[in-house]
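Undergrad: Please work out how this folds:
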Amino acid sequence: MMNATRWIASGLGVLSAATVFADAAGQSQKAGAQKAAAQFDQGDPVKPGQLPAGYNQSARWNPNGKWDAYVTAAWICWTAQQDGLDTGYSVEVELEGNQFEIESDVFYHHPRYESGFKVGLGFNTASFDDWSVYAEYTRYHAAHGTTHGVDGNESITSTPYNGFLRLNNGIINGRNVHSRWSLEVDILDASIQRPYYLGTRLTINPFFGLRAAWVEQHFNMFYDQFQNSNNRLFTADFNFQNHTKNWQLGPRLGMEGSWLLGCGFKVIGNGSASLLYTRYTEVKREQHLLGRTEWDQKYHKNYHVLSPMLELDAGLGWGTYFSRERFHFDFAATYDFISWWNQRPADPVNDSKAMGTLYLHGVTLKGRFDF
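TA: Numbers count the residues shown, from 1 in each chain. Next comes the predicted model:
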């Protein structure tokens, strides 16, 4: 009986001790939770610096953390090429024994590097998540000519498949051909962007907006001498003229990237894509034979297509703050590649002729000043 009483008393003592320990542990946990709540509760609204931002840290140049503006200016030195600018081909036939040996050489219009420029204006916001609004105008006008000639028994034969030349039999044979191509490109971009850090050494700047473009082309070819289907050789000129003009509008999106090397230097890689509604306001073709207009076709405001546009560029840059970090200057040197579809209209007479692509590439030197 005494042993049973002793065991019951011992059990009650252990239970009491466990209850006291549990109460103490509960009070300690509650106090810890209250302390944690006081430590992590930031209040409403959250003040700057209390918690990491819910979006990536802005990478725009903003030494004072306020709204500011910036201007850009660039010199471009590009060369332009386009499908369908072949002026003809030469054919030379030689008889060796009982076999004929034929040599052929295709003549193309050879463009050169031409200068242009870009100017831009931007505005940075502080209270709208550091977004920026930017507008840029690009002007590239180029004109150049090429001459090809043959001697002996050779002759230059036109390439009617290029959609430019057209006679009764579609073929022109001559001794010399001169070609001149002029291209006028004007582009206006408006975009919204937000540069931010993607790591401590990499910044990216995604953007989207609208692009408007105006493109005008003239392509002329002159044959000093030519012969018709009866192999009659004329010494008078044969002149062919082609003129196209259009305006374009559509969305544009892309991304700019910079890998920060230190001391203000960086590696640059950018890319963008556009899809532009293209409206041809004038498509004109003329052929002048022996001083008179033999063939004339004009098409106005009746031709429209969609023109995709792809841009890529890469290079190096350098930037620095000055005047007590009130201003920032940035310089970039890149090599640009542009592929612009559907810029030479199909031959309205020959519907099977495909559209031509315009290619632009060259050096761009660009400066930016934030104030």
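Undergrad: where's T320 relative to D370, distance?
TA: 11 Å (C-beta to C-beta, to the nearest Å). Where C-beta positions appear, they are placed from N, C-alpha and C, glycine not excepted.
Undergrad: Repeat that for R326.
TA: Counting by C-beta to C-beta, the separation of R326 from D370 is 9 Å.
Undergrad: the more surrounded of those two?
TA: Ranked by neighbour count (other C-beta atoms under 10 Å), R326 and D370 place D370 first, with 21 against 12.
Undergrad: hey, what's that one bridged with?
TA: Here D370 shows beta-bridge partners Y70, H328, assigned using DSSP bridges.
Undergrad: I'd like the distance between it and W340.
TA: D370 sits 31 Å away from W340, going by C-beta to C-beta.
Undergrad: ok, D83 - contacts?
TA: Shown in contact with D83 (C-beta atoms under 8 Å, 6 or more residues apart in numbering): R344, G356, T357.
Undergrad: Pretty sure V363 is one of the things Y335 touches, is it not?
TA: Yes. Using C-beta atoms under 8 Å, Y335 and V363 qualify as a contacting pair, with a distance of 5.8 Å.
Undergrad: Tell me if I'm right that I187 and A212 touch.
TA: Yes. Taking C-beta under 8 Å as the contact criterion, I187 and A212 are neighbours in contact, 7.3 Å apart.
Undergrad: More neighbours: those two, which one.
TA: When neighbours are counted by other C-beta under 10 Å, I187 and A212 differ, and I187 comes out ahead with 19 against 16.
Undergrad: Beta-bridge partners for that one, please?
TA: Note on I187: beta-bridge partners T138, A213, judged by DSSP bridges.
Undergrad: Mind pulling the model confidence for it?
TA: As predicted, I187 sits at a pLDDT of 98.
Undergrad: ok, now which ones touch it?
TA: The contact partners of I187, taken as C-beta under 8 Å, 6+ apart, are Y137, T138, R211, A212, A213, W214.
Undergrad: try 10 Å
TA: Applying C-beta atoms under 10 Å, 6 or more residues apart in numbering, one finds that I187 lies in contact with 118, 136-140, 211-215, 248, 252, 274, 309.
Undergrad: Please, a ChimeraX command that selects the buried ones among the residues you listed?
TA: Applying 16 or more other C-beta atoms under 10 Å to these, the buried members can be selected in ChimeraX as follows:
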select :118,136,138,140,211,212,213,215,248,252,274,309
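Undergrad: out of the contacts of I187, who's nearest L198?
TA: The nearest member of the contacts of I187 to L198, counting by C-beta to C-beta, is R252 at 21.8 Å.
Undergrad: The closest one and Y134, how far apart?
TA: R252 sits 12 Å away from Y134, going by C-beta to C-beta.
Undergrad: got it, and Y335?
TA: Taking C-beta to C-beta as the measure, Y335 falls 22 Å from Y134.
Undergrad: Compare neighbour counts for the two and give me the winner.
TA: Shown here are Y335 and Y134; by other C-beta under 10 Å, Y134 has more neighbours (19 against 13).
Undergrad: thought the more buried one was touching G122?
TA: Yes. Checked against C-beta atoms under 10 Å, the pair Y134 and G122 is within contact range at 4.0 Å.
Undergrad: Overlap of the contact sets of these two?
TA: Taking C-beta under 10 Å, 6+ apart as the contact criterion, the common neighbours of Y134 and G122 are Y70, T72, S191, Q193.
Undergrad: what about Y277, which helix or strand?
TA: Of the helices and strands defined by DSSP states H and E, Y277 is found in strand 265-289.
Undergrad: Any buried residues in that strand, and which?
TA: When burial is assessed from 16+ other C-beta under 10 Å, strand 265-289 yields the following buried residues: 266, 268, 270, 272, 274, 276, 278, 280-281, 283, 285-289.
Undergrad: Let me see the mean pLDDT of that strand.
TA: Mean predicted confidence for strand 265-289 is 89.
Undergrad: So what are the sheet partners of it and their directions?
TA: According to DSSP bridges, the neighbouring strands of strand 265-289, each with its direction, are strand 238-262 (antiparallel), strand 292-299 (antiparallel), strand 303-322 (antiparallel).
Undergrad: what's around W67, how many residues?
TA: The burial count for W67: 12, using other C-beta under 10 Å.
Undergrad: Next, give phi and psi for it.
TA: As for W67, its main-chain torsions (degrees, to the nearest 10) stand at phi -70, psi 140.
Undergrad: Contact partners for it?
TA: Neighbouring residues of W67 by C-beta under 10 Å, 6+ apart: F123, N124, T125, A126, S127, F128.
Undergrad: Looking at those residues, which gets the smallest pLDDT?
TA: S127 (74).
Undergrad: how close does the residue nearest to that residue when sequence neighbours are not counted get to W131?
TA: Sequence neighbours aside, W67 is the residue nearest to S127 in space, at 7.9 Å (criterion: C-beta to C-beta, 6 or more residues apart in numbering). Distance check for W67 against W131: by C-beta to C-beta, it reads 11 Å.
Undergrad: Kindly report the same for F331.
TA: Remark: distance between F331 and W131 (C-beta to C-beta) = 24 Å.
Undergrad: for T203, same thing?
TA: Separation of T203 from W131 (C-beta to C-beta): 15 Å.
Undergrad: Which one's more surrounded, the two?
TA: Higher neighbour count among T203 and W131: T203, with 21 against 16, using other C-beta under 10 Å.
Undergrad: picking that back up, give the residues shared as contacts by W67 and W131.
TA: In the contact map built from C-beta under 10 Å, 6+ apart, the residues linked to both W67 and W131 are F123, N124, T125.
Undergrad: In a markdown table: these, plus neighbour count and secondary structure.
TA: Below are these laid out as a markdown table (neighbours: other C-beta atoms under 10 Å; DSSP: H, G, I helix; E, B strand; the rest coil):
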| residue | neighbour count | secondary structure |
| --- | --- | --- |
| F123 | 13 | strand |
| N124 | 23 | strand |
| T125 | 16 | coil |
